[in-house]
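Asker: Sequence isn't available, so here's the structure alone:
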């Protein structure tokens with residue numbers, strides 16, 4: 001049996017697959033970065049398992065995270081999303097996702113891509129942590145504080161430091177798999 005980070009144990013298969021295949025793997029694709037920004041923002045105040053169970057619903061509702069399309073969602077689309085049981089029907093979060101798509105495009109235009117922008121926070125190299133126990137893994141760091149503050153300055157919403165640290169972990173800018181987890185070394189090799 002493989003050793004895994006304890007946060008994914010005693011959950012459902014999709015959660016374990018997310019841990020085993022996605023979490024912590026460096027992401028350089030803007031669409032995937034936008035997907036995670038949207039999902040992490042939707043998670044605020046909720047559990048990741050709730051969001052993961054609704055992920056396919058989000059993909060359908062948010063045009064497979066096509067940034068250009070989401071940025072053009074109008075009031076009629078917002079009202080439709082508010083009735084969609086496959087996503088979190090929080091009006092502020094839905095409006096934030098659309099607003100964030102517009103800000104995301106602005107970053108793409110000023111930096112060439114969102115990927116270039118976000119990876120500049122770590123000089124293009126993932127941070128490799130070596131945590132022994134789950135309780136050592138922080139909820140925020142100076143890096144997530146800086147990233148969150150910069151996004152807020154650019155107009156993003158639902159991008160607090162805790163939410164953005166989860167984003168940095170999910171998209172592989174930070175490797176927070178415990179050293180005892182089989183994915184720690186595997187993810188480190190992908191960097």
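Answerer: That came in fine, so what should we check first? Just so we're clear, the structure is a prediction, and the values are computed from it rather than from any experiment.

Asker: Show me what counts as buried in the helix or strand bottoming out on mean pLDDT in the chain.
Answerer: When the helices and strands of the chain are compared on mean pLDDT, DSSP states H and E, helix 182-190 comes out lowest with a mean of 92. Of the residues in helix 182-190, those buried by neighbour count under the rule 16 or more other CB atoms under 10 Å are 183, 184, 187. Glycine gets a C-beta too; all of them are placed from N, C-alpha and C.

Asker: Repeat that for stretch 77-96.
Answerer: Of the residues in stretch 77-96, those buried by neighbour count under the rule 16+ other CB under 10 Å are 77, 81, 87, 88, 93, 94, 95, 96.

Asker: who touches the residue nearest the centre of the chain in this structure?
Answerer: The centre of the chain sits closest to residue 36, judged by CA atoms, centre = their mean, with a distance of 3.0 Å. Residue 36 sits next to 27, 167, 170, 171 when contact means CB atoms under 8 Å, 6 or more residues apart in numbering.

Asker: Could you give the number of residues near the last one?
Answerer: Other residues within reach of residue 171 by the criterion other CB atoms under 10 Å amount to 26.

Asker: coming back round to it: of all the contacts of residue 36, which two lie farthest apart?
Answerer: Using CB to CB, the contacts of residue 36 span at most 9.7 Å, a distance reached by 27 and 167.

Asker: picking that back up, and the buried residues of helix 182-190, which is closest to residue 46?
Answerer: Proximity to residue 46 was ranked across these by CB to CB; first place goes to residue 183, at 24.1 Å.

Asker: Ramachandran angles for the spatially closest residue to that closest one that is not a sequence neighbour?
Answerer: The shortest distance from residue 183 to any residue that is not its chain neighbour, by CB to CB, 6 or more residues apart in numbering, is 4.6 Å, and that residue is residue 177. Backbone torsions for residue 177, taken as degrees, to the nearest 10, come to phi -60, psi 140.

Asker: Cool, thanks, talk later.
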